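Novice: prediction below, plus the sequence it came from.
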Amino acid sequence: MGVTEIELREATHDDYENVVAFTEDTWADRGRGDYIPRIYHDWIDGENQYTLVADAGDEIAGIVQCVMLSDWEAWGQGMRVNPDFRGRGVASAMTYDLFDWAREQGATVLRNMVFSWNVAGLGSSRAAGYDPVTEFRWAHPKPDADAESEMTLTDDVNAAWKFWTGSDARTHLEGLVLDFEESWALSELTREDLQNSAESDELLVVQDDGVRGFATVCRESEWENEAGDPETWVEYSIGAWDDADSARALFAEIARDAAERGAEQTRVLIPETAQFVSDTAYARVEISDDPDFVMGMDLTKSYR
């Protein structure tokens with residue numbers, strides 16, 4: 001069966017069983033499950049999004065979703081291709097359909113995230129026209145109500161914004177941080193985001209003869225641990241600092257903040273550079289094993 005015999009259409013709740021059939025074991029070889037079967041019904045009902053399936057009649061050949069994060073930023077996620085239909089152009093066909101939809105919404109860029117170990121996903125993204133944007137990693141400071149920092153903590157929006165606009169973190173990340181609304185998505189940080197964070201008591205700025213770093217709370221969620229029990233997570237959209245001492249101070253403030261919010265686990269997005277990763281290790285903060293890559297498609301250009 002060729003890709004021309006497959007219909008691209010919006011996903012429905014009736015597609016659930018056929019989607020689960022090829023997504024439930026997506027990463028079984030890496031000891032992790034796929035989130036799509038768990039959240040499918042809520043996932044396809046979200047606002048400002050388009051979930052696409054490749055309908056092959058009795059089977060679903062693939063699924064992917066695009067979400068508008070801002071007036072001009074779109075995010076692609078959940079790309080899965082049924083193993084029985086791989087090598088037939090399904091991923092490319094779905095990707096171009098997403099590009100069309102995002103452009104119609106006014107987006108000028110569509111980004112996605114690919115695990116660094118997902119070689120097939122990286123190759124598929126490049127083949128579809130995505131360019132490399134940046135890479136990041138997760139830091140996991142342990143919540144600690146007694147954590148102490150030798151620096152001063154403020155919520156100065158202007159100070160944080162000035163630091164961010166001139167920081168190596170912003171340069172490496174191309175201005176991107178963990179999106180405040182869409183889980184597992186990155187969007188460009190704005191001064192308004194920092195203002196909203198400060199007003200919600202979610203902006204942490206460490207100072208010591210000038211601004212030394214900052215972090216912003218992104219969201220509080222409940223996720224199941226390996227035993228199937230719920231755990232409270234607090235996510236931080238960005239952790240940025242200028243040296244090892246400021247990293248240690250910022251992580252101490254994050255640890256205390258997370259404890260005050262009742263967190264059992266945390267994750268903080270940090271740039272994947274030798275400095276930021278080694279500073280985190282030097283501060284004795286747990287780090288994820290692998291980085292994640294962000295790719296981007298310039299929708300102002302031709303892609304067909």
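Specialist: Nice, thanks for sending it over.
Novice: what helices and strands are in contact with the helix or strand of the chain with the lowest mean pLDDT?
Specialist: Lowest on mean pLDDT, DSSP states H and E among the helices and strands of the chain sits helix 119-128, with a mean of 89. For helix 119-128, the elements it packs on are helix 90-104, strand 109-115, strand 292-298, judged by 3 or more C-beta pairs under 8 Å, 6 or more residues apart in numbering; DSSP states H and E. From N, CA and C alone the C-beta is placed, and that goes for glycine too.
Novice: if we use 6 Å, what do you get?
Specialist: Under the contact criterion of 3 or more C-beta pairs under 6 Å, 6 or more residues apart in numbering; DSSP states H and E, helix 119-128 touches helix 90-104, strand 109-115.
Novice: now the longest strand along the chain: buried residues?
Specialist: Counting residues, the longest strand found in the chain (DSSP state E) is strand 211-224. Within strand 211-224, the residues scored as buried using 16 or more other C-beta atoms under 10 Å are 211, 212, 213, 214, 215, 216, 217, 218, 219.
Novice: want to throw the residues you listed into JSON lines with distance to residue 187 and pLDDT?
Specialist: Below are the buried residues of strand 211-224 laid out as JSON lines (distance: C-beta to C-beta, whole Å; pLDDT from 0 to 100):
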{"residue": "211", "distance to residue 187": "23", "pLDDT": "98"}
{"residue": "212", "distance to residue 187": "25", "pLDDT": "98"}
{"residue": "213", "distance to residue 187": "21", "pLDDT": "98"}
{"residue": "214", "distance to residue 187": "17", "pLDDT": "98"}
{"residue": "215", "distance to residue 187": "17", "pLDDT": "98"}
{"residue": "216", "distance to residue 187": "13", "pLDDT": "98"}
{"residue": "217", "distance to residue 187": "16", "pLDDT": "98"}
{"residue": "218", "distance to residue 187": "11", "pLDDT": "97"}
{"residue": "219", "distance to residue 187": "14", "pLDDT": "96"}
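Novice: list just the nearest of those residues to residue 5.
Specialist: residue 219 (41.7 Å; C-beta to C-beta).
Novice: the closest one: what's it in contact with?
Specialist: residue 235 (C-beta atoms under 6 Å, 6 or more residues apart in numbering).
Novice: before we move on, what about residue 152?
Specialist: residue 207.
Novice: how near is it to residue 214?
Specialist: Distance of residue 152 to residue 214, computed by C-beta to C-beta, to the nearest Å: 12 Å.
Novice: next one: residue 6
Specialist: Distance of residue 6 to residue 214, computed by C-beta to C-beta: 47 Å.
Novice: swap in residue 140?
Specialist: Distance of residue 140 to residue 214, given as C-beta to C-beta: 18 Å.
Novice: hey, C-alpha coordinates of the helix or strand harbouring residue 232 in CSV?
Specialist: Using DSSP states H and E, residue 232 sits within strand 230-241. Extracted in CSV, the C-alpha atoms of strand 230-241 (Å, rounded to 0.1, in the frame of the first residue of the first chain):
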residue,chain,number,x,y,z
PRO,A,230,1.4,9.5,42.4
GLU,A,231,4.2,12.0,43.1
THR,A,232,4.0,15.8,43.1
TRP,A,233,6.4,17.4,40.7
VAL,A,234,7.4,21.0,40.3
GLU,A,235,8.8,22.0,37.0
TYR,A,236,11.0,25.1,36.4
SER,A,237,11.0,26.6,32.9
ILE,A,238,14.6,27.6,33.1
GLY,A,239,17.6,27.6,35.4
ALA,A,240,20.3,30.1,34.2
TRP,A,241,23.3,31.4,36.1
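Novice: fine by me, we can end here.
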